[in-house]
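Chemist: mind folding the following:
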Amino acid sequence: MVSVLFLLLLFSYFFFFSGFFKIKNIVIENNVNLKKGDLIRSTEESISIKLIGVIPSDNFFIADENSIRSFLVDRYPMLEKVEIKKSSYNSLTIDVKEKGSRIIWCRPENCFYLDGNSVALANAKEELKLKDKPIKIFEQKEIEEEIGDEQPDKAANAPEKATISTTDPSAENKPDEAKREPETAVETPINIGDRVADAKFVQFLDDLDRLIAKKTSLQIKYYKTKGVETREIIAYTDKNTRLYFDSSASPDLQTDYLTSFLNESVDKDKISALKYIYLKSDNKIFYK
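Modeler: Residues are numbered from 1 along each chain as shown. Below you'll find the predicted structure:
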């Protein structure tokens, strides 16, 4: 009986504490922007906790793949998928897939890459390797050159799909006090993992940028918004023309109006002189 107990204790020590089954080799595969060293150190941290305060969790048989996966995904929002394989009784191979990004969202303090759900993935100071050229949007509490301070010019040859109006859009679309669009305070800096907008707003911005590039010859430098709650997006061209869009409406329809307007209502040599084109209105276009 004593010999059996002794053998059991000896086996337990060998299995849990001798280090023979300790994970000594961690291999990271298919990372693009995340650093291998950071992922390895985070994995080591995730298996450094001792079970019931005694048993090492870096044991090959005890280390839990789901716990490691959750730990890494929580720490690195850029991770879309993590697959973990054990081998050789002391090795882990971690195959990662990173999220793509097309949006750089800026507030006065900093800029961050966003994923499709508007979650901040990484500081934009770090130039990421991306499939698509990113779109930059600035969120500002106040935006210079408010459209209400200017009077639209009279338009001729209105396109069939939209009406060209000479009325000041800021007056025609000014809501009642009770229905006034809320402005969003944007002093709060962005941190990795923060959700800074909503998925629909980000998707609209992505779709809008692709449609402008596809349907027009305009070159967009960047976008601005006073905040997601206003639903307004302003595009700035390389000629500093401002294009006003409503993210709660159809990006296809608004870019169709824009295309028709540019093709039918403005001389080609005068397009670069436009100060703004206001598309954020029901079936009407204002411009100056």
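Chemist: please make it C-alpha for all contacts and neighbour counts, starting now.
Modeler: Noted.
Chemist: which stretches of this protein form helices?
Modeler: 2-12, 36-46, 65-75, 169-172, 199-215, 251-264 (DSSP state H).
Chemist: just send these back as TSV, with distance to Glu139 too.
Modeler: Listed next are the helices of the chain as TSV, based on distance: least, C-alpha to C-alpha, whole Å:
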stretch	distance to Glu139
helix 2-12	59
helix 36-46	31
helix 65-75	26
helix 169-172	21
helix 199-215	13
helix 251-264	20
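Chemist: could you identify which of those is most buried?
Modeler: A comparison of the helices of the chain by mean neighbour count, using mean count of other C-alpha atoms under 10 Å, puts helix 251-264 on top with a mean of 19.
Chemist: before we move on, the earlier item: nearest to Ile135, of the helices of the chain?
Modeler: Closest to Ile135 of those is helix 199-215 (C-alpha to C-alpha; 7.7 Å).
Chemist: that closest one packs against which elements?
Modeler: On a contact count with 3 or more C-alpha pairs under 8 Å, 6 or more residues apart in numbering; DSSP states H and E, helix 199-215 meets helix 251-264.
Chemist: pLDDT of the helix it packs on, averaged?
Modeler: In this model, helix 251-264 carries a mean pLDDT of 92.
Chemist: could you export it as CSV, CA atoms only?
Modeler: Extracted in CSV, the C-alpha atoms of helix 251-264 (Å, rounded to 0.1, in the frame of the first residue of the first chain):
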residue,chain,number,x,y,z
PRO,A,251,-25.2,55.6,-50.7
ASP,A,252,-26.1,54.3,-54.2
LEU,A,253,-28.8,56.8,-54.7
GLN,A,254,-26.8,59.7,-53.4
THR,A,255,-23.8,58.9,-55.6
ASP,A,256,-26.2,58.5,-58.6
TYR,A,257,-27.5,62.0,-57.9
LEU,A,258,-23.9,63.3,-57.6
THR,A,259,-23.0,61.6,-60.9
SER,A,260,-26.0,63.0,-62.7
PHE,A,261,-25.3,66.5,-61.4
LEU,A,262,-21.7,66.5,-62.4
ASN,A,263,-22.5,65.1,-65.9
GLU,A,264,-25.5,67.3,-66.7
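Chemist: next one: that helix to chain centre, how far?
Modeler: From the chain centre to the centre of helix 251-264 is a distance of 27 Å (C-alpha atoms, centre = their mean, to the nearest Å).
Chemist: my guess is Lys99 contacts Met78, does it?
Modeler: Yes: under the criterion of C-alpha atoms under 8 Å, Lys99 makes contact with Met78 at 5.3 Å.
Chemist: more crowded one of these two?
Modeler: Taking other C-alpha atoms under 10 Å, Lys99 and Met78 do not tie; Met78 has more neighbours (25 against 17).
Chemist: mutual contacts of Lys99 and Met78, please.
Modeler: Each of Asp115 lies in contact with both Lys99 and Met78 under the rule C-alpha atoms under 8 Å, 6 or more residues apart in numbering.
Chemist: residue contacts, Ile271?
Modeler: Going by C-alpha under 8 Å, 6+ apart, Ile271 touches Leu262.
Chemist: coming back round to it: where among the helices of the chain is the average confidence lowest?
Modeler: Here the lowest mean pLDDT among the helices of the chain goes to helix 169-172, at a mean of 52.
Chemist: could you break the chain into its assigned domains?
Modeler: 2-98, 103-287 (automatic domain parsing).
Chemist: poorly predicted segments of the stretch 1-150 of the chain, please.
Modeler: Applying pLDDT under 70 to the stretch 1-150 of the chain flags residues 1-19, 51-55, 146-150.
Chemist: and the stretch 151-288 of the chain, by the same measure?
Modeler: 151-187, 282-283.
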